[in-house]
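Student: missing the sequence, but the structure's below:
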């Protein structure tokens, strides 16, 4: 499949059962423009950006313009829809080469799911020791509606052979890594790929929030793995490999693990991160916000841990360093693999120095008061502490 | 190699550089007797036992009679020293079949290291939801001196081939598992197996505390992997396999992982546990101890996390539910991979309901106030809480 600049691209996408054909003009020789993006960019090459939190929490569904972008390649690959093929190979009876039209012939599924970067809230680790990578605040999270074929349906057509243990995703992007170029990659256990009761498993997504994927979100095709950290939902997806082992791709085998040092032995000892953890943040007020003595209305988001049977159970907020806690009200829909929003009113006194948020979910998962530092700054889900000033 | 009842066994063992030949009579047709054992047995078949804590903390080196026993086979295998051979195979240039005498010809290393079961303090998880397995209190830990060849020296003689990633240990015991019999097994990353700066890696141990291994501790040979949970130190060791992947043995691939449920997908998502975590407990007083108002002298053990550069930094003890903390004094030697003992005097008032202990090590690892429940009850290292009564 060729990857080239396009003067025109053809996209076919579906929302729900209805199939719709869309033709979209883009400026010759350029990436699709995104005048609608409204994000804070930590880097342009690769594009890494998160929304301001007050904008992020305005709606249960995150508009694409406020959806965080996490990429590893300096440039998004530019992929022609007509020439695009998804290769399905490995431990299958019938290797497949599927065009977008072929993928549209599978039953189309639309679901809402939260994606969050494993590095969300990474910057908070720096108090204890510098962590590398994009210095995410609490905005590397978003909740969108995704449409595409179930990976399980595609794998069923290919015929999964016995011995299959993991399904690899390989991206068409080109990332400079240790002197050569690699695509972003991941794998997920075969049980997740095939789905189960109450869990479709994973989707091969071509549409986000009812529109074709933007370039930043993996046009024309990405995987979407509800419940897993964002890194397992591979953008610009070009290949699916059924294997007897986990992917050897750097981003599965060596990155996205909890380690304290980064020698070979540390990577060898640590397993890949899959599920995200319960988490929450204040969105209504920035760090250092000035509050008046009295009552303050706060709001934010809360995410249950990444299991199909996990729901938010409680969000508590304290304005007196944890001596008293007020339970917040949940808003937004209560669905599997989705965040909710919360709001609360708490007292502010002259002694208030921070707002603290903690949450637990229906599986008993909770945000700990403090989490161990790790060298890559992943899975920061300690109590969210917002420093404030009282006037 | 045959496994049979013996009327006599020949053991050759070494302590330090000096090689000593020992001949030991045992009763015909019986397991070696252990009149010296002084342990609480949670089960006899398999033998699973831990010491009373007040006995455990009497010395920095744990006498073998007070060293916890964790086995999976109903019966210890009875292995003739003369017939014993350790097989070394897999990705090696020269597969080896080594007698105990052959193993004695390698440089003998003697080191002190703490072993602890991943399930130590498991019983504390039950407050939140029942966990299966041996209901360990805080005594599944001990500190002993171990003697044997470095695994790295043996592997060097065999010649490790490129592509080697993990080293498997296979035990000669016979465990009923899902309708068949398997040996206990494990694997460790090749980097650990080969050792490094400040870390010999792993030993092939024939002597514990200056005497041949007892049957309960793996006679005639076991692996000893300092810093790793006890399950990676395989008793009755019969085979070492150099491989490009982790062991497929049940006890590496499926057990000894942190999971909340125990379906295939849960095991697939979780990596094996290797290093143990920082931990501590009170040993001087049992749960429910009656204390008099005034001062109480407490003592216990503290273990830094399982890294060669980790040392105990601080142990704090509170008698007022965490409002005030007293730093304990450390005793015993301060060595890599070893516990220390601690003692402290804290005030007891009419309001004292529990003694709480927490610790942190030189790597910044700390005992959290609370740890997430997991289905197998591993790595319980939350603040140690001893309920007491005040008279």
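Tutor: Received it, and whenever you're ready, just let me know what you need. Every value quoted in this text rests on a predicted model; they were computed, and no experiment measured them.
Student: find the closest residue to chain B in the stretch 201-350 of chain A.
Tutor: Residue nearest to chain B within the stretch 201-350 of chain A: residue A:271 (1.8 Å; CB to the nearest CB). Using the backbone N, CA and C atoms, a C-beta is placed for each residue, glycine as well.
Student: and the residue of the stretch 1-150 of chain A closest to chain B?
Tutor: Scanning the stretch 1-150 of chain A for the residue nearest chain B gives residue A:128, at 6.8 Å (criterion: CB to the nearest CB).
Student: circling back to that earlier point, tell me who's in contact with the residue of the stretch 201-350 of chain A closest to chain B.
Tutor: The contact partners of residue A:271, taken as CB atoms under 8 Å, 6 or more residues apart in numbering or on different chains, are A:257, B:269, B:270, B:271, B:272.
Student: distance of the third one relative to residue A:67?
Tutor: As judged by CB to CB, to the nearest Å, residue B:270 and residue A:67 stand 30 Å apart.
Student: which one's more surrounded, those two?
Tutor: When neighbours are counted by other CB atoms under 10 Å in any protein chain shown, residue B:270 and residue A:67 differ, and residue A:67 comes out ahead with 25 against 20.
Student: contacts only, for the more buried one.
Tutor: Here residue A:67 is in contact with A:51, A:115, A:142, A:144, A:208, A:217 (CB under 8 Å, 6+ apart).
Student: so which strand or helix has the third one?
Tutor: Per DSSP states H and E, residue A:142 falls inside strand A:141-150.
Student: now that strand: mean pLDDT?
Tutor: Computed over strand A:141-150, the mean pLDDT rounds to 98.
Student: by contact count, what packs against it?
Tutor: With contacts defined as 3 or more CB pairs under 8 Å, 6 or more residues apart in numbering or on different chains; DSSP states H and E, the secondary structure elements packing on strand A:141-150 are strand A:8-15, helix A:100-104, strand A:108-116, strand A:203-208.
Student: go again with 6 Å.
Tutor: Taking 3 or more CB pairs under 6 Å, 6 or more residues apart in numbering or on different chains; DSSP states H and E as the contact definition, the neighbouring helices and strands of strand A:141-150 are strand A:108-116, strand A:203-208.
Student: what comes into contact with it?
Tutor: Residues external to strand A:141-150 that are found in contact with it (CB atoms under 6 Å, 6 or more residues apart in numbering or on different chains): A:14-15, A:61-62, A:67-68, A:103, A:106, A:109-110, A:112, A:114-116, A:120, A:200, A:203-209, A:224, A:338-339.
Student: same question, stretch A:289-301
Tutor: Against stretch A:289-301 from outside (CB under 6 Å, 6+ apart): A:57, A:281-284, A:339, A:341-345, A:348, A:388-391.
Student: who wins for neighbours among these?
Tutor: Among the contacts of stretch A:289-301, the one with the most neighbours (other CB under 10 Å) is residue A:342, at 28 neighbours.
Student: surely that one touches residue A:314?
Tutor: No. At 9.7 Å, residue A:342 and residue A:314 do not qualify as touching, with contact defined as CB atoms under 6 Å.
Student: quick one, helices of chain A?
Tutor: Taking DSSP state H as the criterion, chain A carries its helices at A:53-56, A:100-104, A:151-158, A:190-194, A:250-253, A:264-269.
Student: what's next to the last one, contact-wise?
Tutor: In this case it means helix A:264-269. By CB under 6 Å, 6+ apart, the list of residues contacting helix A:264-269 from outside reads A:254, A:259, B:189, B:191, B:192, B:274.
Student: tabulate those (JSON lines), appending neighbour count.
Tutor: Below are these laid out as JSON lines (neighbours: other CB atoms under 10 Å in any protein chain shown):
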{"residue": "A:254", "neighbour count": "18"}
{"residue": "A:259", "neighbour count": "18"}
{"residue": "B:189", "neighbour count": "20"}
{"residue": "B:191", "neighbour count": "20"}
{"residue": "B:192", "neighbour count": "26"}
{"residue": "B:274", "neighbour count": "25"}
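Student: looking at the residues you listed, which is nearest residue B:362?
Tutor: Proximity to residue B:362 was ranked across these by CB to CB; first place goes to residue A:259, at 17.5 Å.
Student: look at the closest one and report its pLDDT.
Tutor: For residue A:259, the model assigns a pLDDT of 96.
Student: how about the contacts made by it?
Tutor: Contacts of residue A:259 were listed using CB under 6 Å, 6+ apart, and they are A:266, A:270, A:375.
Student: so which of those comes closest to residue A:228?
Tutor: Among these, residue A:270 lies closest to residue A:228 (CB to CB), at 16.4 Å.
Student: which residues of the stretch 201-350 of chain A lie near chain B?
Tutor: Residues of the stretch 201-350 of chain A found near chain B, taking CB under 6 Å from any CB of the partner chain as the criterion, are A:264, A:265, A:268, A:269, A:271, A:274.
Student: now the stretch 51-200 of chain A
Tutor: Remark: the part of the stretch 51-200 of chain A in contact with chain B comprises A:189, A:191, A:192, using CB under 6 Å from any CB.
Student: distance between stretch A:191-202 and the chain's centre?
Tutor: With CA atoms, centre = their mean, to the nearest Å as the basis, stretch A:191-202 stands 18 Å off its chain's centre.
Student: and that stretch, what's buried?
Tutor: Along stretch A:191-202, these residues count as buried under the neighbour rule (16 or more other CB atoms under 10 Å in any protein chain shown): A:191, A:192, A:193, A:194, A:195, A:199, A:200, A:201, A:202.
Student: tell me what the spatially closest residue to the third one that is not a sequence neighbour is bridged to.
Tutor: Translated: residue A:193. Leaving out its chain neighbours, the residue that sits closest to residue A:193 by CB to CB, 6 or more residues apart in numbering or on different chains is residue A:167, at 4.0 Å. With DSSP bridges applied, the residues forming beta bridges to residue A:167 are residue A:188, residue A:242.
Student: look up the closest residue to residue A:229, ignoring the ones flanking it.
Tutor: The shortest distance from residue A:229 to any residue that is not its chain neighbour, by CB to CB, 6+ apart, is 4.1 Å, and that residue is residue A:118.
Student: now that neighbour: phi and psi?
Tutor: Phi and psi for residue A:118, reported as degrees, to the nearest 10, are phi -60, psi -20.
Student: so who does it touch?
Tutor: Contacts for residue A:118 (CB under 6 Å, 6+ apart) come out as A:229, A:231, A:256, A:273, A:378.
Student: then residue A:47?
Tutor: A:69, A:71, A:216.
Student: ok, the closest residue to the second one other than its chain neighbours - contacts?
Tutor: With sequence-adjacent residues excluded and distances taken as CB to CB, 6+ apart, residue A:71 is closest to residue A:46, at 4.2 Å. Residue A:46 makes contact with A:71, A:72, A:73, A:74 under the criterion CB under 6 Å, 6+ apart.
Student: which of these are buried? Put it as a PyMOL command.
Tutor: What follows is the PyMOL syntax selecting those of those that are buried according to 16+ other CB under 10 Å:
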select buried, chain A and resi 71+72+73
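Student: and stretch A:51-71, end to end?
Tutor: According to CA to CA, to the nearest Å, stretch A:51-71 extends 15 Å from its N-terminal end residue to its C-terminal end residue.
Student: hmm, back to that, tell me which two of the buried residues of stretch A:191-202 sit farthest apart.
Tutor: Of all pairs drawn from the buried residues of stretch A:191-202, the one with the longest distance (CB to CB) is A:191 and A:200, at 12.9 Å.
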